[in-house]
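Trainee: Take this sequence and fold it.
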Amino acid sequence: MADPSFRSTYCCAIEDSCQDHQMFNCAKTGFYGTYLFPEATLNGNAVTVTYTMSSFSPYNVAVFQSTFTNLP
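Mentor: Purely as a prediction, here's the structure:
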């Protein structure tokens, strides 16, 4: 997980110091249970998907959306 944007938004340095959107201790956590929702949105040459992702430290479940562009 080297994406600086993800780390600055969702990671906290110490498990008990997570605030706002910071849900994961990214230096210590493991991710699991990533489940894709069946719906997807197609917009031109981009598709947006919604999924859940769980973490071990601290235990948390979050819903994310990702958009993939430049599709053929």
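Trainee: only C-alpha atoms for contact and neighbour calcs from this point on.
Mentor: Fine.
Trainee: and residue 30, what does it touch?
Mentor: Listed by Cα atoms under 8 Å, 6 or more residues apart in numbering, the contact set of residue 30 reads 55-57.
Trainee: 6 Å instead, please
Mentor: Residues in contact with residue 30, defined by Cα atoms under 6 Å, 6 or more residues apart in numbering, are 55-56.
Trainee: same thing with residue 26?
Mentor: residue 11.
Trainee: now the helices for the protein?
Mentor: Assigned by DSSP state H, the helices in the chain fall at 4-10.
Trainee: Going along the chain, name the strands of it.
Mentor: 31-43, 46-56, 59-68 (DSSP state E).
Trainee: winner for burial among these?
Mentor: Among the strands of the chain, strand 46-56 has the highest mean neighbour count (mean count of other Cα atoms under 10 Å), at a mean of 16.
Trainee: List the contacts of it.
Mentor: Strand 46-56 has contacts (Cα under 6 Å, 6+ apart) with 29-37, 40-41, 60-69.
Trainee: and if we set it to 8 Å?
Mentor: Residues outside strand 46-56 that contact it (Cα under 8 Å, 6+ apart) are 24, 29-37, 39-42, 60-71.
Trainee: same check, this time on stretch 33-41
Mentor: With contacts defined as Cα under 8 Å, 6+ apart, stretch 33-41 is touched by 47-54.
Trainee: middle-most residue in the chain, spatially?
Mentor: Nearest to the mean C-alpha position of the chain, counting by Cα atoms, centre = their mean, stands residue 64 at 5.1 Å.
Trainee: Could I get the contacting residues of that residue?
Mentor: 50-53.
Trainee: Model confidence score at residue 14, please.
Mentor: The model reports residue 14 with a pLDDT of 67.
Trainee: Ok, residue 29 next?
Mentor: For residue 29, pLDDT reads 70.
Trainee: How about the one 5 residues further on?
Mentor: In the prediction, the pLDDT value recorded for residue 34 is 90.
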